[in-house]
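> show me the folded form of this:
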Amino acid sequence: MEIKSPYSLKFELPESLLQDFYCTSLLESFNPSDPKSSFCTSSADPGLITVDLYKTLDWLHSHEMPKSLEKEVCPIPVLLYVQHFSTNHLLFHYDGTPTSAELIRKFITLFENLIGESKATIISPSFIPKSKIKEEQELIHLVSSKTQETSFIKFNFTRIGDFWSYAVKHDCTLLVTTKNYQADLAKVLFHFYKGKIWSDQLSFYLSL
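Below is the predicted model:
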């Protein structure tokens, strides 16, 4: 089902590549390539837009230079998925901001029916203000309560390539991060597709 809404106008990606899901919480039967697999009417607006990662790569390589996926950032989360999409090992990017915390909370709500058996890793900055420690601990507790196994590590990653490299080396299957990185992600996809640092298991969840 192709999107027939104003949201598709915000994307650089062709409308034919976009699939929309109107769920506040996805069903266990969720298949990112088939909206019928998690058919919901619980939301008036899409709760998630999915795009085949390899079709996205083909589109990116049809241009001389990498392009951002969206013309303007929209509030709807985007899932760039690989053929064998999996939530087995989640990698969360928490940068100490309220936006980042809310992004993770929304992901948990959206995917809670699919992550009960998942392993989760949360990457947080080496230093965050004392005022953010309580929020950080609450996020760790939230993720731990919804997944089978959760680990928490401190790294001063500042580029999407850092998270990509970590995800590939540690066999992560889904990187959860902010849309603020989407332009850089497009560049990484454009230049490093099928390179030394590549995984055909890794999907990307981008949100605000």
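
> which residues touch the lowest-mean-pLDDT helix or strand in the chain?
For the chain, counting by mean pLDDT, DSSP states H and E, helix 182-192 ranks last in confidence among helices and strands (a mean of 77). With contact meaning C-beta atoms under 8 Å, 6 or more residues apart in numbering, helix 182-192 is reached by 53, 56-57, 60-61, 65-70, 73, 78, 159-161, 164, 198, 204, 206. (Glycine included, C-beta is placed from N, CA and C.)

> what average pLDDT does the next helix-or-strand element following that helix get?
Moving toward the C-terminus from helix 182-192, the next helix or strand (DSSP states H and E) is strand 203-207. For strand 203-207, mean pLDDT rounds to 95.

> quick one: the residue lying farthest from the centre of the chain from residue 165, how far?
Using C-alpha atoms, centre = their mean, the residue of the chain lying farthest from its centre is residue 130. It sits 27.6 Å away. Using C-beta to C-beta, to the nearest Å, residue 130 is found at 30 Å from residue 165.

> likewise residue 123?
As defined by C-beta to C-beta, residue 123 lies at a distance of 12 Å from residue 165.

> who has more neighbours, the two?
For residue 123 and residue 165, the more surrounded residue by other C-beta atoms under 10 Å is residue 123, and the numbers stand at 22 against 15.

> quick one: the strands in this protein, in order.
18-21, 48-52, 78-81, 89-93, 119-124, 149-154, 174-178, 203-207 (DSSP state E).
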